[in-house]
Each structure stands twice: as C-alpha cells, then as structure tokens.
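Q: sequence? don't have it. structure:
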C-alpha cells in the first residue's frame, strides 16, 4: 500500500504499534543477560599458549562415529558461530548426526604472538591438537572439518600429514583467490602488506571487521538495525540478535607474520592454485592430496564466491571428491534453519560411509 493512501486513523494505529514494540524492545535489551559463547556443553581437553581444544558433549542415545572430527575455524572470527544458539548450531547438528566433535579455539593473539607464522599454526598447533585427539582415542587418524580460512589451513595440513587424516571436509573455503567476482581479493591486490605489517605488527581485529562489513555496507551496517525494530519486542529474538551482534564485533587481532604470509601467498600470488606454496620447509601441492574430500560452498557467499571454492575439484588429487552447494550466504550456511536440516546430516552420512 502506498503510504499516502493510509487514513489518519491507520497512521495513528501504526505509530502506536511502533511505539509499543519499541518500548518493549528497549526493556528486553536492558534486561538481556550476558551473551554466552556457544550453547552446547563442552570440555577443555588440551591447551597451549592462547589455544584451547574442546570436545563437545554428544546427544544421549546417539551412536558416535569412532573416528572423531576436528573443526578448524578461521583466525579472523570466533568459532562460536558454529554453536551460536540451540536451534542454529552446526556442532549440535553434527553431534545429532553421530559425530564425535572437537574444535580448536584460537583465542586472542597479542604482541607475544607477533611473529607466529603459518607454519606455527599448521604444522605446530593443528598437528599437536590432532596428536592429542589421536592419543585420547588410541587411533592413528581423525576427520577434519575446515571452515573458511580454517579450510585453507586444513587443506594444507591434510596434504602434508595424510597419515593423520582419514577424511577432509571444507566449508566456504577459498581455493582460487583470484576469481573475477571476489571483491575482497580485488581490494588487497595492490595493498603493500609488508608496509602494513612492519608498521602495525599485529593487525587489529576491528580493522579487518570494518573491511568485511564494507563489502555489503547497506545490509550489514544499516538495514539490519532498521529491521531490528520489527523483532525486538520478542525476548527470544532479542537474544538471538544480540548473539549475532556479539559474534560480528568479537574480532581477534591477527598475528602479523601469519597475516602477511596468508594475504601474500594465498590472495596476491594465489599459490594454492598456481603452485609454489611453502609451509615451513615443505611445499603444499593439492595434487598430492589423495584422501576423501567433501567440499561445501554457499551460492550467495559474498566473502568466498562459489567459484573460489569449486576450483578445488580441478586441483585436488583425490578420486573421492564430493561437492555440496547450499542456497545461502557465508553466515547462513551455519545458522539458517534450512542449513541445519541439510548440512550436518549430509556431513554425518558422508563420514559414516567412509568409516
């Protein structure tokens, strides 16, 4: 209806309704409790420096896959996006699908971590977490689920340590970082990363977060707050909104040397596709990766365009390669209702078939 077609009494009614919702919403915001970092019970089983390794409590009566799965999340955000609310939890979905789930929480790097390299993260932290899990279970291999930047790390780790990885799942993972529709890649191509890191040391999380938000400025910095008025009168919706806001602005700083190498080697030089990628003293060639791979991407992903992920099929060496396309975005693949009904069950079934 054209707003100029409203009768005066209808306009008054709409205004009263808006004020009532807004007043109740303000009350809900003021009364909201501290927002938790995840909802599924978990146990810390290993720690090192800032890192903590968690094991999640499975569902009663669900038979677990005997090969545990380690989730490797990105450095640039906090991993509780995978467990952000009760009915929007990828981790809970994996547990319900019979998987034994572990997750690496990278913590918050500070100046002591300035000189950590990708070798330290991949051949150091990830490898020792894998060893800790294998020792707990008395096994030689585990499954790995890598998400976004964590998927890149997982591809590198699995290629270099195939004797410790049974199956690999990658989610919204950039493989070809120079696809024409990759706006983030276009932004960093001419950036002087050496000058940036040499000047700043660690990269502030707020700076990176500002960059990500400006990829879709209207939707991520304006529209959602206008739309918020329609939901804040409901206490449950307020809690869910605040959980998402907490995650969006909970951005760890990035260890300078690791950030330097990641941007230069993966985004500017595209070495995961072009070759010549060195992690420590070892070259990573995806053609040597022979284990089963399930590659999951989002069709409306503005951070990792589908073609950036699909490129994996052409360069990976395994004969057991499977793709799963999700009709949503980079965040929706973790938290939307449709994702929860499809993604974790498919992962669980795919892993069980290869156990």
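A: Thanks, I have it. Computed from a prediction, not measured in an experiment: that's the story for all the values here.
Q: Sketch out the low-pLDDT regions of the stretch 201-350 of the chain for me.
A: 210-244, 247 (pLDDT under 70).
Q: Please enumerate the helices of it.
A: With DSSP state H, counting those that start in this stretch as the criterion, the stretch 201-350 of the chain has helices at 205-213, 217-218, 224-228, 235-248, 256-261, 271-274, 306-310, 312-315, 332-335, 337-353.
Q: Buried residues of the strand or helix carrying residue 43, list them for me.
A: Residue 43 is located in strand 42-48, with elements delineated by DSSP states H and E. Under the neighbour-count criterion of 16 or more other Cβ atoms under 10 Å, strand 42-48 has 42, 46 buried. Heads up, the C-betas are built off the backbone N, CA and C, glycines and all.
Q: Stretch 139-153 too?
A: Buried residues in stretch 139-153 (16+ other Cβ under 10 Å): 141-153.
Q: just how off-centre is that stretch within its chain?
A: 12 Å (Cα atoms, centre = their mean, to the nearest Å).
Q: so how far is residue 121 from residue 190?
A: Going from residue 190 to residue 121 by Cβ to Cβ, to the nearest Å gives 26 Å.
Q: Pick out whichever of these two has more residues nearby.
A: residue 121 (25 against 7; other Cβ atoms under 10 Å).
Q: The more buried one touches residue 258, doesn't it?
A: Yes: under the criterion of Cβ atoms under 8 Å, residue 121 makes contact with residue 258 at 6.1 Å.
Q: Find residues that contact each of these two.
A: Residues touching both residue 121 and residue 258 (Cβ atoms under 8 Å, 6 or more residues apart in numbering): residue 75.
Q: Can you report how many residues lie near the closest residue in space to residue 39 that isn't next to it in sequence?
A: Closest residue in space to residue 39, ignoring its immediate chain neighbours: residue 86 at 5.4 Å, by Cβ to Cβ, 6 or more residues apart in numbering. Look at residue 86: counted by other Cβ under 10 Å, it has 10 neighbours.
Q: what's the spacing between residue 86 and residue 60?
A: 16 Å.
Q: With residue 123 instead?
A: When residue 123 is compared with residue 60 (using Cβ to Cβ), they lie 38 Å apart.
Q: Next: residue 286.
A: 40 Å.
Q: residue contacts, the nearest residue to residue 88 once chain neighbours are set aside?
A: Distances taken as Cβ to Cβ, 6+ apart place residue 335 nearest to residue 88, at 4.4 Å, with adjacent residues excluded. Contact partners of residue 335, counting by Cβ under 8 Å, 6+ apart, are 81, 84, 85, 88, 244.
Q: Just to be sure, which of the residues you listed are found in strands?
A: 84, 85, 88 (DSSP state E).
Q: Which of the residues you listed sits closest to residue 267?
A: residue 84 (27.4 Å; Cβ to Cβ).
Q: What does the pLDDT read for that closest one?
A: Note on residue 84: pLDDT of 83.
Q: so it sits right up against residue 38, yeah?
A: Yes: Residue 84 lies in contact with residue 38 (Cβ under 8 Å); the separation is 7.3 Å.
Q: Okay, and residue 129 sits in which element?
A: Short version, using DSSP H and E: residue 129 is in helix 127-137.
Q: That's all I had, so thanks and see you.
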